[in-house]
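*Asks:* The amino acid sequence is not available; the structure is as follows:
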C-alpha cells in the first residue's frame, strides 16, 4: 500500500512525494513505526531536521528499544548542532 509506494519514492529520491505516502500510511495505521521512520529519513534529506526528530520520537514512543530510531535521532540532533542532546541519545542507542 501506501508505505511501499512511499519507500519506492524514497529510494528514487522523490522525498516530498514519499512523505505524502508515509503520511497516508500513518493515517491508516498510527502505530506504523516504519512509516514514521522513513518519513524522518525523507525529511532529513530535505533538511527539515526538527520535523525529522519529531518522527524519530514517534518511532521511539512506539518502540523504546528501536536502536535505529535513536541513532537517526542523534544524527539529526547533531545536524541541528544540538550535540549534547545528540550524545545523550547516542548513549540510548548502545
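*Replies:* Nice, I can see it. Note that the structure is predicted; figures quoted are calculated from it, not measured.

*Asks:* Dihedrals phi and psi, the residue nearest to the spatial centre of the chain?
*Replies:* The centroid of the chain falls nearest to residue 40 when counting by C-alpha atoms, centre = their mean (2.4 Å). When read as degrees, to the nearest 10, the backbone of residue 40 gives phi -60, psi -40.

*Asks:* got a list of what the closest residue to it other than its chain neighbours touches?
*Replies:* In space, and not counting its chain neighbours, residue 40 is closest to residue 55: 3.4 Å by C-beta to C-beta, 6 or more residues apart in numbering. In short, each C-beta sits where N, CA and C put it, glycine included. Counting by C-beta atoms under 8 Å, 6 or more residues apart in numbering, residue 55 touches 36, 37, 39, 40, 43.

*Asks:* so residue 88, which of the three states?
*Replies:* Put simply, residue 88 is helix when judged by DSSP: H, G, I helix; E, B strand; the rest coil.

*Asks:* Tell me how far the residue located most distally from the centre of the chain lies from residue 66.
*Replies:* Largest separation from the mean C-alpha position in the chain: residue 84, at 20.0 Å (C-alpha atoms, centre = their mean). From residue 84 across to residue 66, the span is 22 Å (C-beta to C-beta, to the nearest Å).

*Asks:* And residue 47, by the same measure?
*Replies:* The value you get for residue 47 to residue 66, if C-beta to C-beta is used, is 23 Å.

*Asks:* neighbour count winner among those two?
*Replies:* Neighbours around residue 47 and residue 66, counted as other C-beta atoms under 10 Å, are more numerous at residue 66. The numbers are 19 against 8.

*Asks:* Which one of the contacts of residue 55 sits in the busiest neighbourhood?
*Replies:* Neighbour counts for the contacts of residue 55 (other C-beta under 10 Å) peak at residue 39, which has 30 neighbours.

*Asks:* Next, the buried residues of the helix or strand containing residue 51.
*Replies:* In this structure, residue 51 is located in helix 49-62 according to DSSP states H and E. Neighbour-count burial for helix 49-62 flags 49, 52, 53, 54, 55, 56, 58, 59, 60, 62 (criterion: 16 or more other C-beta atoms under 10 Å).

*Asks:* Fine, thanks again, bye for now.
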